[in-house]
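S.K.: Got a predicted structure here, sequence first:
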Amino acid sequence: MNLYALRPKIREAVYLWLFLSTHVADTGEQWLLVANGNGISDEELAMRLEIPAATARIWRLKLEAVGAIRTAPVSARTRRFELFNFAAQPAEEKPKGGLVN
């Protein structure tokens, strides 16, 4: 799985994934903890991305549905985020040889 292949399903939600990726420490693990596991609300994401809270929620749900992030409730309004580390995946097999028409 790679982020580019998910593009048709997640569309603009990629901006949320990219934003979250700036708040992780790359440990090389398959799942990376966002903001040291602190709870983050959809409203806070919306404020930082300058989008409506409903849009942040929709983007979060899209990313969860395709397995690009996973979340767990921390409180009534906040969630702990984990980001799928696409870089930790083995390289995809590419055809060997010359140009492909």
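M.R.: Now that the structure is in, tell me what you want to look at.
S.K.: Quick check: buried residues in stretch 13-32?
M.R.: By 16 or more other C-beta atoms under 10 Å, the buried positions in stretch 13-32 come out as Ala13, Val14, Leu16, Trp17, Leu20, Ser21, His23, Val24, Leu32. C-beta coordinates here come from the backbone N, C-alpha and C atoms, glycine included.
S.K.: Below-threshold pLDDT in the chain: ranges please.
M.R.: 89-101 (pLDDT under 70).
S.K.: Point to the residue nearest the middle of it.
M.R.: Taking C-alpha atoms, centre = their mean, the centroid of the chain lies closest to Trp17, which sits 3.4 Å from it.
S.K.: Could you export the helix or strand encompassing that one as CSV, CA atoms only?
M.R.: Assigned by DSSP states H and E, Trp17 belongs to helix 14-21. What follows is helix 14-21, C-alpha atoms only, in CSV (Å, rounded to 0.1, in the frame of the first residue of the first chain):
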residue,chain,number,x,y,z
VAL,A,14,-4.3,13.7,2.1
TYR,A,15,-3.8,17.2,3.5
LEU,A,16,-4.8,15.9,7.0
TRP,A,17,-2.4,12.9,6.6
LEU,A,18,0.4,15.3,5.6
PHE,A,19,-0.4,17.6,8.5
LEU,A,20,-0.3,14.7,11.0
SER,A,21,2.9,13.5,9.5
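S.K.: what about that helix, distance to the chain center?
M.R.: 6 Å (C-alpha atoms, centre = their mean, to the nearest Å).
S.K.: That one packs against which elements?
M.R.: With contacts defined as 3 or more C-beta pairs under 8 Å, 6 or more residues apart in numbering; DSSP states H and E, helix 14-21 has these neighbours: helix 3-10, helix 42-49, helix 53-66, strand 79-84.
S.K.: Quick check: phi and psi on the nearest residue to Ala88 once chain neighbours are set aside?
M.R.: Of all residues not flanking Ala88 in the chain, Gln30 sits nearest, at 5.1 Å (C-beta to C-beta, 6 or more residues apart in numbering). Main-chain dihedrals, Gln30, degrees, to the nearest 10: phi -70, psi -30.
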